[in-house]
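Trainee: Got a predicted structure plus its sequence, pasted below:
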Amino acid sequence: MRLQLRDTIRALGCGVMLALGAAALAEAQGPKLDLGNLAKLADKADEVVDVMLDGQTLKFAEKFMEEDKDEDDAEALKFIRNLTGIYVKSFEFDKPDQYSDADVEAIRSQLHGGAWSRMVGYESKREHEKDEVWVMAGPNGKSNLGLAIISAEAKELTVVNIVGPIDVNDLPALEGRMGVPHLDLRQNEHGGSHADH
Amino acid sequence: MRITKLVPVTCTVVAILTAGPVRAADREFHEIVNRLAATYHKKPMPFMGFVSFVARFAQPQGVSAMKLAVFDDIDPSLSPDENEFDALMQGIVGSGFQPFVRVHSHREHEQTYVYLHNVKESSEMLVVTIDSSDAVVVKMRLKPEAMKDWMDDPVGESKHSACNRGLGNRD
């Protein structure tokens, strides 16, 4: 009996350690996602787009946005000022089912556990579409550390990874710019409509 | 008479004085052009130096120091594999240039690579576009105001940059 109890405690301990380890790993990975596993989809895709804006390029973008008197620029500027990266990877296929759930899960698994939490989710089985917006919370729940968008459609897969303090509400200012696709997030939140690419 | 004789001498001196730094700054451009020449077993279209020179007067605001090389009627079967070319490009441009946009379109048989090197007041951009019939290499310097279009629509700009900025619409 005592032996059984000891085994149970040991098993529980191992489980807790594993869970803590996974959470620590997810946190240690940081807000920048590893999108490398998607590279294999390039051969099947009709069109592959990669946009990589690192911190240095964003700083440079800030210069012209500051000089420009455009209202849209002024709004976007507020959000990009502290960002250290915007990464977009998009695949367009000529027919459906060219990527698997496992391909998307490899990205999603990086968001499970740790400080990531799903803020927006939309799924339409009829349209074969699933859109998710995830946010990585900063320490003590202060400003976020990053944001991820996964938009999986029948013939299109897009992953956006924004690194730096950004909120879901900031996204509309970046939609359609810097490689970030158009998303109807405001509609999504209220009416449950889908992302519009 | 003396002045007439001095003109070519002055031109030669200016050419020699400016050739060194220009060549050093354009190392990546020349290396990519040489690689493409070796890959497709052909030289870039002649008079591109002259076209580049003329383009300086017609280039959009905020764009300067444009260099252009066009390989026309290439044999697409000689085009390097996407991953191979990607690695090759990264090897040539080194860590100074950051990958900015890559578009691989199987539909249009087109590959576009855009690299960016940010310096204090301007940005150097290197664009390589290869389709089923041509390969175009463009290097240019962009002031912040010229980067606006690129930031607004990096994919659209990269798809058309080599053609529009280099030679006009070549379609």
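Mentor: Received it, and whenever you're ready, just let me know what you need. Quantities reported herein were computed from a predicted structural model and do not represent experimental measurements.

Trainee: Within range of chain A, give me the residues from chain B.
Mentor: B:82-83, B:98-108, B:116, B:118, B:123, B:144-145, B:147-148, B:151-155 (Cβ under 8 Å from any Cβ of the partner chain). Backbone N, C-alpha and C define where each C-beta goes, glycine included.

Trainee: distance of the residue of chain B found nearest chain A from B:Gly156?
Mentor: Residue of chain B nearest chain A, by Cβ to the nearest Cβ: B:Pro144 (3.4 Å). Per Cβ to Cβ, to the nearest Å, B:Pro144 is found 19 Å from B:Gly156.

Trainee: same thing with B:Glu82?
Mentor: B:Glu82 is 20 Å from B:Gly156, by Cβ to Cβ.

Trainee: Looking at the two, which one has more neighbours?
Mentor: Ranked by neighbour count (other Cβ atoms under 10 Å in any protein chain shown), B:Glu82 and B:Gly156 place B:Glu82 first, with 18 against 13.

Trainee: Contacts only, for that one.
Mentor: Shown in contact with B:Glu82 (Cβ atoms under 8 Å, 6 or more residues apart in numbering or on different chains): A:42, B:104, B:111.

Trainee: go on, A:Glu47?
Mentor: A:90-92, B:103-108.

Trainee: Where does the residue nearest in space to the middle of chain A sit, in terms of helix or strand?
Mentor: Centroid check for chain A by Cα atoms, centre = their mean gives A:Ala148 as the closest residue, at 1.3 Å. Assigned by DSSP states H and E, A:Ala148 falls within strand A:146-153.

Trainee: what comes up buried for stretch A:30-44?
Mentor: A:31-33, A:35, A:38, A:41-42 (16 or more other Cβ atoms under 10 Å in any protein chain shown).

Trainee: Now the closest residue to chain B within chain A. Nearest residue, chain neighbours left out?
Mentor: Closest residue of chain A to chain B, Cβ to the nearest Cβ: A:Phe64 (3.4 Å). Closest residue to A:Phe64 apart from its sequence neighbours, by Cβ to Cβ, 6 or more residues apart in numbering or on different chains: B:Pro144 at 3.4 Å.

Trainee: Give the rounded mean pLDDT of the host helix or strand of the residue of chain A closest to chain B.
Mentor: Using DSSP H and E, A:Phe64 maps to helix A:55-67. Averaged across helix A:55-67, pLDDT comes to 79.

Trainee: Wait, A:Leu41 touches A:Ser100, no?
Mentor: No - using Cβ atoms under 8 Å, A:Leu41 is not in contact with A:Ser100; the gap is 9.4 Å.

Trainee: which stretches of chain B have low pLDDT?
Mentor: B:1-25, B:47-60, B:160-171 (pLDDT under 70).

Trainee: what's the answer for chain A, then?
Mentor: A:1-29, A:68-69, A:72, A:184-197.

Trainee: since we're on A:Gly113, how many residues are nearby?
Mentor: 17.

Trainee: Please disregard the earlier target; I meant B:Asp73.
Mentor: With other Cβ under 10 Å as criterion, B:Asp73 counts 9.

Trainee: ok, back up a step: is it possible to mark the buried ones in the contacts of A:Glu47?
Mentor: Of the contacts of A:Glu47, these count as buried by 16+ other Cβ under 10 Å: A:90-92, B:103-106.

Trainee: Just the residues you listed: which are in strands?
Mentor: A:90-92, B:103-105 (DSSP state E).

Trainee: does A:Leu171 really touch A:Pro181, like I thought?
Mentor: No - here A:Leu171 does not reach A:Pro181: they are 10.5 Å apart, not a contact under Cβ under 8 Å.

Trainee: Which residues are in contact with A:Val48?
Mentor: A:41-42, A:89-92, B:102-105.

Trainee: okay if I get those residues as CSV plus distance to B:Val93?
Mentor: CSV is the format used below for the contacts of A:Val48 (distance: Cβ to Cβ, whole Å):
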residue, distance to B:Val93
A:Leu41, 25
A:Ala42, 20
A:Lys89, 20
A:Ser90, 23
A:Phe91, 25
A:Glu92, 27
B:Arg102, 13
B:Val103, 17
B:His104, 18
B:Ser105, 22
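
Trainee: Got phi/psi on the residue of chain B closest to chain A?
Mentor: B:Pro144 adopts backbone torsions of phi -50, psi -40, taken as degrees, to the nearest 10.

Trainee: can you count the residues close to it?
Mentor: B:Pro144, neighbours per other Cβ under 10 Å, totals 20.

Trainee: Quick check, central residue of chain B?
Mentor: Mean-position check on chain B, Cα atoms, centre = their mean. Result B:Val138 at 1.5 Å.

Trainee: Remind me which helix or strand that one belongs to.
Mentor: Using DSSP H and E, the element containing B:Val138 is strand B:135-142.
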